[in-house]
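> give me coordinates for this.
(2 chains)
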There are 2 protein chains.
Amino acid sequence: MNQFCEKFKVQYPIIQAGMVWCSGAKLAAASVNEGIIGTIGAGSMNKDLLEQHISKAQSLISKNQHLLAVNFPLLYHDIESQLKIALDKGIRIFITSAGSPAKYTKLLKDEGRLVIHVCSSTRLATKCEDAGVDAVVAEGFEAGGHNGRNETTTMVLIPQVVDHLKIPVIAAGGIADSRQIKAAHALGASGVQIGSRFVTTKESSAHPDFKQAILNSTPGMTKLLMKKYIPVRLLENKFSQSIIELESSGASKEDLTSFLGKGRAKSGMLDGNLIDGELEIGQVSGMINEILSVQELAKELKSAYTNKLTG
Amino acid sequence: MNQFCEKFKVQYPIIQAGMVWCSGAKLAAASVNEGIIGTIGAGSMNKDLLEQHISKAQSLISKNQHLLAVNFPLLYHDIESQLKIALDKGIRIFITSAGSPAKYTKLLKDEGRLVIHVCSSTRLATKCEDAGVDAVVAEGFEAGGHNGRNETTTMVLIPQVVDHLKIPVIAAGGIADSRQIKAAHALGASGVQIGSRFVTTKESSAHPDFKQAILNSTPGMTKLLMKKYIPVRLLENKFSQSIIELESSGASKEDLTSFLGKGRAKSGMLDGNLIDGELEIGQVSGMINEILSVQELAKELKSAYTNKLTG
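Residues are numbered from 1 along each chain as shown, chains lettered A, B, ... in the order given. So this is what the prediction gives:
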């Protein structure tokens, strides 16, 4: 039982990550019911849909309502309405990302909520602490989806961030099994955030064909692309190959955004367009070989905590 | 005492990495004298110089001569002469890299030597095992100097390689302190190879200005560049900035090799040209804050092994 566990009132310091198109009410509630932090990803929801998912999750949770979290990419156009809904619905854990931690942390803390901000460098981690967050998620280069620019890996990032901060550091990126959880704690983390492994659970809303593509993938089949725009780690397909070719020939940010267009992520991950859709997943994709229920997965992940926690 | 320790007759499964321009006789001998594997980097030596360094190292080693290793990039033009010299001088541990493990492993094994091959993917690791090596070094994206193409990080690579092989796996990339050593073992590694942290030891032959540049560096100041040629992780300077600009504008392999020219690595690392030289170092550069003797560093690294080893 470390400082993070005490503050967040959680037995196992595991966060099921909020993810676009994959983590709705069903996944978050199933995670909470296993005694870990379950997160709804607001990034792919308008405010009405977010309200529905929060209500549904709350109705599906049998105990530990305090472990339900929502992840908010702060650059979202209607972010203030989203935050208001989560506040009104009694959400206790706010995980913020993709924006300045200085902007909403005080407002949320004044409302008595717990705030975690996602960062990918010691510089941003220090800003998070200064802004008054309760913990940071430090996310390495190997993570799926949107990612930092300095490409620091989890192995290097975590000890650096731990050395720079006083608040708890949650490790993310490259964590999919109990060995990687133990490694994260050896590096000084107080807990872990896991995304990709939850994408292939039964309760995830990812399209079955996307889940199968992850199971079929082999090591080395993801790449961090679109570094001139917003870096994002994608599974290899026709779409990602086109991006690689564009980048190799010196395409500008404008060329990339024009090719990207709208709705690629929904098309790939929710609708299962494996050819032209954007398939966001971490490097651990090549290690994932089965579709489990959240209950089965949580059991394996919790087995990392048979010994006393450090960090 | 795990399988690797038994086979290599080493108390602490730590390898001081062979590196161009930094790891000559003095560094390797100092490492061996601390009871870890000390490696001469043959990649920056012609055969006469290699012979001198091996002889000198042997004369500086007070005990554990069997822990002296030489690292051979197999693409080196005079590789067979180099291997012959090391065989004649009684070197017991051959660490090979940058080439096929199938080419010389049998020859070296027939001579009764121990062979370790460096790999950066499960695919190559499997080829190493098939070729009959005694162990592999699996090196992640965060490592300094020349690097693999699939960008898999240590956190993700090690469990994957461990799951694919029967022989011991040594973790490399992103390992500079005892926390990272413990993390590597949690991932299933049987030992660690450490490069960058040894570059700044007193006994390293790196130029003092290069050592100071590493101490001055902050997190995020290295980048993996020249992916169209041979990927290499470099510390930020005028030279690396020029490469980034060339790559961003779509430069070809020929453009890159022409700009690179000859002698950049020697100029940067041995002669201390911090502006136009190539400064090979890992992401841990931003964590290195002091120049220690090998004895002082080895003491800190060995402190990771206060508990029983796994893997």
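> C-alpha from now on. contacts and neighbour counts both.
Fine.
> can you point me to the longest helix in chain A?
As assigned by DSSP state H, the longest helix anywhere in chain A is helix A:47-60.
> in the stretch 51-200 of chain A, what residue spans correspond to helices?
Ranges of helices within the stretch 51-200 of chain A are A:79-88, A:105-110, A:122-131, A:154-164, A:178-186, A:196-199, based on DSSP state H, counting those that start in this stretch.
> closest point of the stretch 1-150 of chain A to chain B, which residue?
Nearest residue of the stretch 1-150 of chain A to chain B (C-alpha to the nearest C-alpha) works out as residue A:150 at 5.2 Å.
> what distance do you get for the closest residue in space to that residue that isn't next to it in sequence to residue A:123?
Closest residue to residue A:150 apart from its sequence neighbours, by C-alpha to C-alpha, 6 or more residues apart in numbering or on different chains: residue B:220 at 5.2 Å. Distance, residue B:220 to residue A:123, using C-alpha to C-alpha, to the nearest Å: 10 Å.
> neighbour-wise, which of the two wins?
residue B:220 (23 against 14; other C-alpha atoms under 10 Å in any protein chain shown).
> the more buried one and residue A:124 touch, don't they?
No. Shown here, residue B:220 and residue A:124 do not form a contact pair, counting by C-alpha atoms under 8 Å, at 11.8 Å.
> residues in the stretch 101-250 of chain A within reach of chain B, list them.
A:121-122, A:142, A:150-156, A:159-160, A:174-175, A:179-180, A:182-188, A:219-221, A:223, A:247-250 (C-alpha under 8 Å from any C-alpha of the partner chain).
> try 7 Å this time
When proximity is defined as C-alpha under 7 Å from any C-alpha of the partner chain, the stretch 101-250 of chain A approaches chain B at A:142, A:150, A:152-153, A:155-156, A:160, A:174, A:179-180, A:182-184, A:186-187, A:220, A:248-250.
> report the buried members of these.
A:142, A:152-153, A:155-156, A:160, A:174, A:179-180, A:182-184, A:186-187, A:220, A:248, A:250 (16 or more other C-alpha atoms under 10 Å in any protein chain shown).
> any stretches of the stretch 151-300 of chain A with poor pLDDT?
For the stretch 151-300 of chain A, no stretch is flagged by pLDDT under 70.
> the strands in chain A, which residues?
Using DSSP state E, the strands of chain A run over A:14-16, A:37-41, A:68-73, A:93-97, A:114-119, A:135-139, A:145-146, A:169-172, A:191-194, A:222-225, A:232-235.
> tell me the strands beside the first one, with direction?
If you go by DSSP bridges, strand A:14-16 pairs up with strand A:37-41 (parallel), strand A:191-194 (parallel).
> need the winner for burial among those strands.
strand A:37-41 (a mean of 29; mean count of other C-alpha atoms under 10 Å in any protein chain shown).
> need phi/psi at the residue nearest to residue A:237 when sequence neighbours are not counted.
Excluding the flanking residues, the one nearest residue A:237 by C-alpha to C-alpha, 6+ apart is residue A:275, at 5.9 Å. Residue A:275 adopts backbone torsions of phi -100, psi -50, taken as degrees, to the nearest 10.
> separation between residue A:275 and chain B?
21 Å (C-alpha to the nearest C-alpha, to the nearest Å).
> now do the contacts for residue A:25.
Residues near residue A:25 by C-alpha atoms under 7 Å, 6 or more residues apart in numbering or on different chains: A:40, A:53, A:54, A:56, A:57.
> try it again with 6 Å
A:53, A:56, A:57 (C-alpha atoms under 6 Å, 6 or more residues apart in numbering or on different chains).
> need the pLDDT of it.
pLDDT recorded at residue A:25 is 98.
> how near is it to residue A:271?
In terms of C-alpha to C-alpha, residue A:25 sits 18 Å off from residue A:271.
> neighbours of residue A:63, how many?
13.
> what's the burial count for the closest residue to it other than its chain neighbours?
Setting aside the residues directly before and after it, residue A:63 is nearest to residue A:33 in space (C-alpha to C-alpha, 6+ apart), at 6.5 Å. Neighbour count of residue A:33, defined by other C-alpha under 10 Å: 21.
> having no further points to raise, I will conclude here.
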